[in-house]
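J.: sequence? don't have it. structure:
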């Protein structure tokens, strides 16, 4: 066929280079059930008690400084 002519349909099978379907291995074990955790795991394991303790001590120190300054004047 020329560049503008359409090829004629044929009854011959078309050969493709597709690989054969792979066989799945037989498994007798069931997959493990997924666990549904109650809390979201973010990877952050920081203990917040010391942080709030330091924050409280700073607040007390600032309050003490303000009270001491007020008593002076």
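T.: All right, it came through fine. All figures in this text were calculated on a predicted structure; none of them were measured in a lab. Residues are numbered from 1 along each chain as shown.

J.: need the helices for the protein, in chain order.
T.: Taking DSSP state H as the test, the helices found in the chain are 48-72.

J.: pass me the low-pLDDT residue ranges in it, would you?
T.: Along the chain, segments meeting pLDDT under 70 span 1-3, 7, 14-16, 18-33, 35-37.

J.: try 80
T.: Counting by pLDDT under 80, the chain shows low-confidence ranges at 1-42, 73.

J.: distance of residue 56 from residue 50?
T.: To residue 50, residue 56 is 11 Å away according to CB to CB, to the nearest Å. Placement of C-beta: from N, CA and C, glycine included.

J.: wait, I meant residue 68
T.: The value you get for residue 68 to residue 50, if CB to CB is used, is 27 Å.

J.: can you check residue 38 too?
T.: On the measure of CB to CB, residue 38 and residue 50 end up 25 Å apart.

J.: all set now, cheers.
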